[in-house]
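J.: Below is the sequence, then the predicted model.
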Amino acid sequence: MLSEFPRISLKGGEYAYKEGDPADRSFLLLTGGIEIRKSSGSPLVQQIRPGRLFGVIDIIAKRGRVNDARCTKDSQLILIPDDYITDSVSQTDAFLQAIIRISCERITQLYPDLW
């Protein structure tokens, strides 16, 4: 299934997205590394390693990007369109939909300075 989605290569220092960008896709990191920060030079929010998905919360929350995602080294990523995420969530059981949405809300409430 993931083979149908486009792949991109980014150099170290390039951004997958920046704060304020539209949340129109999520990413699966294949190789390299990504650091998530509120803005350039601010404290590290999260370090993304290969095999991890990122950029999903902003899609589920239906808002623009609230952090920067910058490559720490040359990286390969799979781009997962926002409609794939939203369609997948909407096709799941209503109880699981509620758990997903509540979890995203709680994460952003627990860490308001980061989100």
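T.: Cool, got the structure.
J.: hey, let's count contacts and neighbours off CA atoms from now on
T.: Noted.
J.: how close does the closest residue in space to Arg7 that isn't next to it in sequence sit to Thr31?
T.: Nearest non-adjacent residue to Arg7, counting by C-alpha to C-alpha, 6 or more residues apart in numbering: Ile78, 4.4 Å away. Using C-alpha to C-alpha, to the nearest Å, Ile78 is found at 10 Å from Thr31.
J.: out of these two, which sits in the more crowded spot?
T.: More crowded of Ile78 and Thr31, by other C-alpha atoms under 10 Å: Ile78, with 20 against 16.
J.: Run through the residues that contact that one.
T.: For Ile78, the contacting residues are 2, 5-8, 27-30, by C-alpha atoms under 8 Å, 6 or more residues apart in numbering.
J.: repeat that with 10 Å
T.: 2-9, 25-30, 53 (C-alpha atoms under 10 Å, 6 or more residues apart in numbering).
J.: Now the residue nearest to Arg7: which helix or strand?
T.: If you go by DSSP states H and E, Ile78 is part of strand 68-81.
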